[in-house]
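S.K.: what follows is a protein structure lacking sequence information:
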């Protein structure tokens, strides 16, 4: 499989100034319209701060909307540190890597299922990053690697004649 340079290196958690987290944010109707829209949000938090509360405050500032109690209301959920996400990973490929941070599920035979473990990954167009520049570069590298994995998966399926 084609992979960007430095695809597997020390996890991105060591590259930032704070502790890296990922959350899923379900946009309220006034932001998303009629269809449900979820965002995968990466952000860094200084040690000791509540990650959920911090994200509420951050989104209020950058999205210019009242986000008070979004965690309690279920708009912000699955707030996990990068190390927790590595622990939850569906892949066993020799240790943690940045691609694991984008896993959103697994299974099935649809086009979103990649590799032998049928892993699903977030698409770049639903990812928001509120992180230091070095962490953002690493996360973008991981998104690039995921796109290459999608291309390789499509090529493999075509060669096998499954086409899904």
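M.R.: Nice, I can see it. Keep in mind the model is a prediction, meaning the values are calculated, not measured. Numbers count the residues shown, from 1 in each chain.

S.K.: so how far is the lowest-mean-pLDDT helix or strand in the chain from its chain's centroid?
M.R.: Ranked by mean pLDDT, DSSP states H and E, the weakest helix or strand in the chain is helix 29-32, scoring a mean of 81. Relative to the centre of its chain, helix 29-32 is centred 21 Å away, using Cα atoms, centre = their mean, to the nearest Å.

S.K.: run the chain-centre distance for the next helix or strand after it.
M.R.: Using DSSP states H and E, the helix or strand that follows helix 29-32 in sequence is strand 38-45. A distance of 8 Å separates the centroid of the chain from that of strand 38-45, by Cα atoms, centre = their mean.

S.K.: cool, and stretch 21-34?
M.R.: Counting by Cα atoms, centre = their mean, stretch 21-34 is centred 15 Å from the centre of its parent chain.

S.K.: same thing with stretch 34-51?
M.R.: 10 Å.

S.K.: pull up the distance across that stretch, start to finish.
M.R.: 29 Å (Cα to Cα, to the nearest Å).

S.K.: swap in stretch 39-57?
M.R.: End-to-end distance for stretch 39-57: 16 Å, by Cα to Cα.

S.K.: ok, residues contacting that stretch?
M.R.: The contact list for stretch 39-57 (Cβ atoms under 8 Å, 6 or more residues apart in numbering) reads 16-25, 27, 58-59, 67-71, 76, 79, 81, 101-102, 104, 122, 126-132, 135, 139. Every C-beta, even on glycine, is put in place using the N, C-alpha and C of the backbone.

S.K.: if we go to 7 Å?
M.R.: Contact partners of stretch 39-57, identified using Cβ atoms under 7 Å, 6 or more residues apart in numbering, comprise 16-25, 27, 58, 67-68, 70-71, 76, 79, 122, 126-132, 135, 139.

S.K.: name the residues of it that are buried.
M.R.: 39, 40, 41, 42, 43, 44, 45, 51, 52, 54, 55, 56 (16 or more other Cβ atoms under 10 Å).

S.K.: pLDDT averaged over it - what is it?
M.R.: Across stretch 39-57, the average pLDDT comes to 91.
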